[in-house]
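**Student:** output the structure for:
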Amino acid sequence: MKIIRTYTVFLLMALVVLSCKTTQSIEGNVYKLSPETNVTAQLQDELIKGLRIDAAHGDTLLVKYKFDEELFMDADFVYRPELKKYESVRPVVFGKGAGKTANILLLVEDKKHLYLQYSDFISGTRFLYQKTYKKKVHKATHRNAYYAEDGFPLQKNEK
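**Tutor:** Numbers count the residues shown, from 1 in each chain. Here you go, the predicted structure:
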């Protein structure tokens with residue numbers, strides 16, 4: 001019995017370590033709304049333009065996102081095993097003039113693609129985001145209110 005218990009604990013620890021390595025490998029990845037997403041120009045103006053995975057801690061992703069040229073916000077996502085997706089901890093602010101909020105589901109398909117699904121806004125539709133580059137995240141300032149506008153360009157060569 002003691003061997004089975006030890007084996008089970010070892011197996012659980014191995015799964016946690018493997019999942020942490022997978023999520024940590026996406027830290028700093030910058031994703032932007034794919035141009036292949038078939039939506040109207042008006043709807044595209046309402047969506048999150050891009051996001052960066054700032055940190056991955058166990059089952060939680062800390063994300064900075066951009067929905068306007070100068071507006072950057074933070075959101076936390078927690079993994080929901082029954083959905084096999086990350087879900088925003090609180091409703092996320094987005095849209096022109098920060099006029100909308102919705103709970104958002106985030107599915108990391110692979111390191112180069114992820115999907116966002118706005119649960120209270122166009123429900124059932126998933127929007128594809130593609131990785132454009134990886135950026136080192138300064139973890140001492142990435143959630144500091146003083147550096148709130150310290151965002152990220154959606155193209156590697158933008159300033």
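
**Student:** Lys96 and Tyr65, how far apart?
**Tutor:** Computed with CB to CB, to the nearest Å, the distance linking Lys96 and Tyr65 is 15 Å. Where you see a C-beta, it was placed from the backbone N, CA and C, and this is true even at glycine.

**Student:** compare those two (neighbour count), which wins?
**Tutor:** Tyr65 (23 against 12; other CB atoms under 10 Å).

**Student:** ramachandran coordinates for Gln44?
**Tutor:** phi -60, psi -30 (degrees, to the nearest 10).

**Student:** list the contacts of it.
**Tutor:** The contact partners of Gln44, taken as CB atoms under 8 Å, 6 or more residues apart in numbering, are Leu33, Thr37.

**Student:** let's see it at 7 Å
**Tutor:** With contacts defined as CB atoms under 7 Å, 6 or more residues apart in numbering, Gln44 has no neighbours.

**Student:** tell me which stretches of the protein form strands.
**Tutor:** 29-33, 50-57, 60-66, 72-80, 85-88, 92-94, 100-102, 104-110, 113-118, 126-134 (DSSP state E).

**Student:** will you turn these into JSON lines that also has mean pLDDT?
**Tutor:** Listed next are the strands of the chain as JSON lines, based on pLDDT from 0 to 100:
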{"stretch": "strand 29-33", "mean pLDDT": "93"}
{"stretch": "strand 50-57", "mean pLDDT": "91"}
{"stretch": "strand 60-66", "mean pLDDT": "92"}
{"stretch": "strand 72-80", "mean pLDDT": "93"}
{"stretch": "strand 85-88", "mean pLDDT": "96"}
{"stretch": "strand 92-94", "mean pLDDT": "89"}
{"stretch": "strand 100-102", "mean pLDDT": "88"}
{"stretch": "strand 104-110", "mean pLDDT": "93"}
{"stretch": "strand 113-118", "mean pLDDT": "93"}
{"stretch": "strand 126-134", "mean pLDDT": "93"}
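
**Student:** right, and those strands - which one's nearest Asn144?
**Tutor:** When the strands of the chain are compared by CB to CB, strand 72-80 sits nearest Asn144, at 10.2 Å.

**Student:** counting by contacts, list what that closest one packs against.
**Tutor:** Strand 72-80 is packed against strand 60-66, strand 85-88, with contacts defined by 3 or more CB pairs under 7 Å, 6 or more residues apart in numbering; DSSP states H and E.
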